[in-house]
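> from the sequence below, what's the structure:
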Amino acid sequence: MLLNMEKISRKFLGVVVFISGLLHLSSCVEQTSSRSAKLASDAASAKQEEIILIQGRVTQSSEAIPSADSVAIASFSPATQYEVIASTRLKNGEFKFQVPKSISGTAIFTFISKDKSDSSRHFGKRNSAFFMIEDSVNILVDKKSEEININITGGRQNRAKDLYDQERNELLKRKNVLSNKKENGVIAPEKYRKEKELLSADFKKQKIQFVTNHSYSFYALDVLHGLVESYLNIPWKDHPGSVELEKYKKLFFSLEKPIQEKGHYLLELLQNVEARKISSFTGEMPDGKTFDLTSLKGKVILIDFWGSWCGWCRKGHPHLKELYAKYKDKGFEIVGVGMEYGNREEQWTKFRKAIAEDGISWTQILMDRQKQDLAKEYGVSFYPSKFLVDRDGLLVLRVGSDLEGLLDAKLAELFSGDNKPSFISN
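The predicted structure is shown next:
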């Protein structure tokens, strides 16, 4: 949710990560229910631990979502992605979650299909909603016409998020109007460019003001992370330099202590951006051999975080093939880092199948988050996430789906002899 929020094509691209995880989650409702019970039991036994209640009601559930008989909530952070913390079955259309108060921050509510073979039909943005975990959250799900309406009310944390969403929606309306003018040819190119720049500045201003005025808000942490992600994607010629980075650090330390503690991953990301040195890693390849990133020292490397479930990732493979063929003999290598769901055997089956289907020839490893959580180390909060590293091992570009073609431009620059760093200007 936190991610380049003014870009619809990438807004909450991480939702895809969650939805794909739910395809696995639908087969383990009992496990998450058990875990929820264990969390409640552990909290009850600890006198100092408080329990918060999240409850709700589903009307016309059998008509609205035919095969959904359970609901779940998952916590979110860019460091851990989505982690299911509770699930429960509907009882006469009602549900209740008891969650330890220590679990705070952004979460998502969604349905779980009882029809495992057909689960993909019932997961998606229209059947899910983000909210903030806090006491006295009430979730009302209703079907109106063909649409499913999920209304979530709560306390201070959710009111702050609602305010942000309202302000952002006004900016999105302006963006849609501007886009329509361009599509209909009723605005001159130069005027469109200027208005687009003004709108982008207003998106950024809104985010900064929200973080500044809501230091108590866990959602402010998500918004700040979006600002940092945008900072990472600015080309060298337009980059504001370390002054911008210092501004974001100050914003982080202006947040209240519980928010800072929750956002340790963001502080690590800010520090890593400043250093610009890529963390080395090893990983298992499909043939069982071990890959070591240091073996590519002195080459230009693209580290590509992707998964078999990620449509945007796989749509980008044909173009990566073109880039690989163009620059491979000049010292360019791609390292794919797969992120899959299920047990280890299921992960490998999905990953190998996708590699074969897409005809990928460059190095691939499958991330084992129990051994080394590369997604956390690299601050991956959406898929795909691509990191371009120059011959000196410095991060020079970070992109997602790269609709703007920044990767092509940077590769052309690197292989033309211009090795200026993209991120921090001294």
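> give me the low-pLDDT residue ranges for the protein?
Regions of the chain meeting the criterion pLDDT under 70 cover residues 1-49, 60-68, 77-82, 113-126, 143-147, 232-243, 272-277, 381, 403-404, 417-426.
> quick one: residues contacting the closest residue in space to I365 that isn't next to it in sequence.
Distances taken as CB to CB, 6 or more residues apart in numbering place G283 nearest to I365, at 3.1 Å, with adjacent residues excluded. Quick note: C-beta positions are derived from backbone N, CA and C, even for glycine. G283 makes contact with T290, F291, V337, I365, L366, M367, D368, Q372, L374, according to CB atoms under 8 Å, 6 or more residues apart in numbering.
> give the buried residues for stretch 141-158.
Within stretch 141-158, the residues scored as buried using 16 or more other CB atoms under 10 Å are V141, K143, I148, I150, I152, G154, Q157, N158.
> what's the most distant pair in those?
For these, the maximum inter-member distance is 27.3 Å, found between K143 and Q157 (CB to CB).
> if we can go back for a sec, mind checking how far the residue nearest to I365 is from D392?
G283 sits 22 Å away from D392, taking CB to CB, to the nearest Å as the criterion.
> and if you look at F291?
Distance from F291 to D392, counting by CB to CB: 21 Å.
> please say which of the two ends up with more neighbours.
Between F291 and D392, counted using other CB atoms under 10 Å, the more crowded position is F291 (17 against 12).
> ok so the more buried one is a helix residue?
No: if the criterion is DSSP: H, G, I helix; E, B strand; the rest coil, then F291 is strand and not within a helix.
> does it touch W362 like I think?
No: checked against CB atoms under 8 Å, the pair F291 and W362 is beyond contact range at 11.0 Å.
> who does the residue nearest to I365 form a beta bridge with?
F291 (DSSP bridges).
> anything in contact with each of F291 and W362?
With contacts taken as CB under 8 Å, 6+ apart, the residues that reach both F291 and W362 are V335.
> picking up where we left off before, now render the buried residues of stretch 141-158 as TSV, adding distance to W306.
Putting the buried residues of stretch 141-158 into TSV (distance: CB to CB, whole Å) gives the following:
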residue	distance to W306
V141	33
K143	35
I148	30
I150	30
I152	32
G154	35
Q157	33
N158	33
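> next, E229: phi, psi?
Backbone dihedrals for E229, given as degrees, to the nearest 10, come out at phi -60, psi -40.
> what about the helices in the chain?
14-25, 29-45, 61-64, 156-183, 189-213, 218-232, 242-254, 257-262, 264-275, 311-315, 317-327, 344-358, 374-377, 406-414 (DSSP state H).
> deepest of the ones you listed, which one?
Per residue and on average, the most neighbours among the helices of the chain fall to helix 218-232, with a mean of 23 (mean count of other CB atoms under 10 Å).
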